[in-house]
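Trainee: Okay, predicted coordinates and the sequence, questions at the end:
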Amino acid sequence: MTRRFRRRAPSTSHGQVLVLTGLMMVILIGFAGLAIDISSAYLSDRWQRSVADASALAGGQDLQIPGSRALPTSAEYARAETNAMRVLVSQLEASSTPTGADCFTSVGCALPGTPYEVAVQTPSPSCVDCDPERAVQVTIRQPSFGLTFARIFGQTNWTVSSTSVAGIVQARQYGVVTLRPPRPRTNGTDANEANIFVTGGSKVRVNNADIGTNTNLVLSGVGSEVILQTGFAVDHYDAYQAWSSPPEGRQITSPIPDPEYSIPDRADDLTYPRWPTNADGEMDPVDCDLELDKVPAQYVLGSIPIRDMDIADVTCLLPGVYPSEVQGGIDEVVLLTPGVYFLDHGINMGNASALVGGYEGGQPGVALVFLECVPPNLSNNCPLKGNATDVLALNFGSAYQDPTGDRATAAEWNGGLVQTSGTTPVLMSIMVEPDVACLAPPFPTLEPDVARCTNHNATIILPGHANLWVAGIQYAPTDNATVTGGSGSAGILGQIISWTIRFTGGSNLNLEAVVSEENGVLRLDPACSPTVNVCNP
């Protein structure tokens, strides 16, 4: 038997697989090579950024003016540029220091003997948390970063550019802080555009301090002004500025938190060591006369020192709990002896001449604690009403009208001092117990939808004239404080922390920070970091 064999036609599928495999290998190798090139560029960028950071920090330190917020001069800027460039030359191993004005502009200049171009700019064109006038921006570019595997895709080189910003960040020294957080926007409009109101021709001078608000500031009325010293500004949380400069405004990126200072505890079982000697809370006239002798001579009403007034026109009060409104009589001086006063229904000075406490320099002073003016408290008998008073002076000691004198120290109570927490405690003079319905940041970040949080019942009502002298901190985190009426500008009010504050009726006042001027901190700014794309050329 004869066998016949039929020759099969050669299959083409094996050849197609080989071709496809070859193409895939080329693509895979290309992508692997591209990944290597990208990784190399990334490593180069990280190296460049570390050098830019060091250069910016070296330049930024020259913009510190110890003990001052004055802006750097041309000499400081020139020194900053020189030291920033010195680091670039050293770290990038340049053969020499480049010259030319372009090195200190966004254009930049070639760094001799290297593949890099560099640019040093001060003031910095980019800033998020820094002050551009006190910052340096450094850019390092490789315009021809060589590639290997990416050539498969027709790319021979990339530009690798890294930018860093560093500057002096001044600690916030607030003379005024308002904590009311923003409310939800309604129909696209801002529901509460301001926490600080300066109206009716009022002038507010804030010495050695910033102003901080969790929403905004409004200036209205002819002659109304807010005057800050050089280097200070109004920090506002709203994304826009509701007033026309001056003063300078700065947007802050997070709300100012309530410092949550402790208010003196008055437990029901607490024994008050100096309970008033009569139902009106007054001292014996003989003891009161002895206290009156301690008041420095510069505490004057008209031309008469308070210490020389007839004892019949003086009421000395003792610390303790006052369940009824404390009232000052016509032309009367109310003298608060050292300690803490729980004034559940406020003080109404009426036409009284003076309210004075903490009059001994270097000795413990007084602290006044009020309830917030919300139900069940009646708004007409819970506040500190001192707007018609000729002199309202708390804890200024012998420094009243005399900067060479000594202020009082923090009031003593229940074995402790009435002062803030922290490394540098500061005495507190006036406090309003917070309304739990109106808590400020850190919780919540939006204002609660509670009607009493939005009205303007004020517990602290202060005179805005020259004889308002209140030292330390006035802490009223949920209160709508008011400073009203008067003229002159000699008085001083220590830092006030409140829900909102209104300066009105031509009030004319100096406010001050409660901490001394400190040097700023040199920091890297996130403006040109990979995670914050806010970088100007």
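Mentor: Received, thanks.
Trainee: Pro296 is in contact with Thr404, isn't it?
Mentor: No - distance between Pro296 and Thr404: 11.8 Å, which falls outside the contact criterion (Cβ atoms under 8 Å). (Glycine included, C-beta is placed from N, CA and C.)
Trainee: These two: who's more crowded?
Mentor: In this comparison of Pro296 against Thr404, neighbours counted by other Cβ atoms under 10 Å, the higher total goes to Pro296 at 20 against 6.
Trainee: For that one, list the residues it contacts.
Mentor: With contact set as Cβ atoms under 8 Å, 6 or more residues apart in numbering, Pro296 has these partners: 307, 359, 361, 397-398, 400, 402, 405.
Trainee: cool, and Cys382?
Mentor: Contacts for Cys382 were tallied using Cβ under 8 Å, 6+ apart; they are 344-346, 370-373, 459.
Trainee: Also Asp53?
Mentor: Contacts here follow Cβ under 8 Å, 6+ apart; on that basis Asp53 touches 164, 166, 524.
Trainee: before we move on, what SS does it have?
Mentor: Here Asp53 is recorded as helix under DSSP: H, G, I helix; E, B strand; the rest coil.
Trainee: go on, Arg180?
Mentor: Assigned by three-state DSSP, the conformation of Arg180 is coil.
Trainee: related to what we said a few turns ago, show me which of the contacts of Cys382 is closest to Gln241.
Mentor: Out of the contacts of Cys382, the one with the shortest distance to Gln241 is Thr459. That distance is 29.3 Å, counting by Cβ to Cβ.
Trainee: burial count for the nearest residue to Val51 once chain neighbours are set aside?
Mentor: Using Cβ to Cβ, 6 or more residues apart in numbering and skipping the chain neighbours, the partner closest in space to Val51 is Gln91 (4.5 Å). In terms of burial, Gln91 registers 16 neighbours under the definition other Cβ under 10 Å.
Trainee: Gln91 contacts Ala52, correct?
Mentor: No - with contacts counted by Cβ under 8 Å, Gln91 stays clear of Ala52, the gap being 9.4 Å.
Trainee: Show the subsequent helix or strand relative to the helix or strand where Ala75 lies.
Mentor: Element membership for Ala75 (DSSP states H and E) is helix 74-91. In the C-terminal direction, the helix or strand that comes right after helix 74-91 (DSSP H and E) is strand 109-110.
Trainee: what packs against that following strand?
Mentor: Counting contacts by 3 or more Cβ pairs under 8 Å, 6 or more residues apart in numbering; DSSP states H and E, strand 109-110 is packed against strand 117-121.
Trainee: So for the helix or strand following the strand it packs on, what gets flagged as buried?
Mentor: Note on strand 117-121: by DSSP H and E, the next helix or strand toward the C-terminus is strand 135-146. For strand 135-146, the buried set under the neighbour-count rule, 16 or more other Cβ atoms under 10 Å, comprises 135-142, 145.
Trainee: filter the contacts of Pro296 to the buried ones?
Mentor: 307, 359, 361, 397-398, 400.
Trainee: which residues of the stretch 151-300 of the chain fall in helices?
Mentor: Per DSSP state H, counting those that start in this stretch, the stretch 151-300 of the chain has helices spanning 285-292. These are given in chain order.
Trainee: just for it, where's the confidence low?
Mentor: Scanning the stretch 151-300 of the chain for pLDDT under 70 picks out the ranges 151-156, 171, 184-193, 267-281.
Trainee: that older thread, taking the contacts of Asp53 one by one, which sit in strands?
Mentor: Counted as lying in strands by DSSP state E, out of the contacts of Asp53, are 164, 166, 524.
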